[in-house]
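Visitor: Just the structure for this:
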Amino acid sequence: MSDEHETTSGRDETDAERADRNWNELLQEFRVLQTGVQILGGFLLTLPFQSAFGDLDDQQRGLYLGLVVLATVCTTLMLAPIALHRRLFQRQQKLRLVHAGHWLARIVVTLIGCLVTGIAIFVFDVVVGRQGALIVGVAMAVTVFSVLGILPRLVDGRRSED
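Guide: Numbering: from 1, shown residues only. This next block holds a predicted model:
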């Protein structure tokens with residue numbers, strides 16, 4: 001890629017400026033994601049210290065532990081761009097960093113969608129039972145898939161290859 005000013009994107013910026021802007025946009029997205037995961041993770045981490053936690057059955061405990069693992073995986077993946085940035089810092093590799101951050105963001109958003117769905121299932125299972133949890137789980141899965149998968153494609157107006 002050249003370092004000339006690009007006019008086809010509608011912005012008057014060099015490749016390096018575009019990479020910097022894209023990296024900053026990714027960081028803003030990760031900040032939003034981080035807040036959500038921290039809230040969900042905090043919610044999950046307080047549950048074992050509640051007196052009713054002992055009343056959970058084996059399936060509920062298994063789901064709970066799976067959700068804790070999922071929340072910690074999300075948190076860890078959100079740290080990866082920082083580690084990558086530290087590794088590639090001042091090595092003129094911003095474009096590589098942006099591409100890696102893009103894929104990590106897509107993975108994290110998908111996993112957070114699974115986490116939100118799982119938490120809804122868990123709460124409904126504990127409060128109203130398995131049938132209610134199944135209904136809410138299906139509704140949440142459809143909602144998450146629609147908002148995270150279908151809506152961006154509709155707004156984009158075209159199918160992308162990334």
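
Visitor: where does the protein have low pLDDT?
Guide: 1-10, 89, 158-162 (pLDDT under 70).

Visitor: By residue count, which helix of it is the longest?
Guide: Ranked by residue count, the top helix of the chain under DSSP state H comes out as helix 94-127.

Visitor: by contact count, what packs against that one?
Guide: On a contact count with 3 or more Cβ pairs under 8 Å, 6 or more residues apart in numbering; DSSP states H and E, helix 94-127 meets helix 15-46, helix 58-88, helix 130-145. Just so you know, the C-beta spots here come from the backbone N, C-alpha and C atoms, and that holds for glycine as well.

Visitor: roughly how far apart are the nearest residue to residue 122 once chain neighbours are set aside and residue 140?
Guide: In space, residue 122 comes closest to residue 63 once its chain neighbours are excluded; the distance is 5.2 Å by Cβ to Cβ, 6 or more residues apart in numbering. When distance is defined by Cβ to Cβ, to the nearest Å, residue 63 is 14 Å away from residue 140.

Visitor: Now for these two: what residues contact both?
Guide: residue 121 (Cβ atoms under 8 Å, 6 or more residues apart in numbering).
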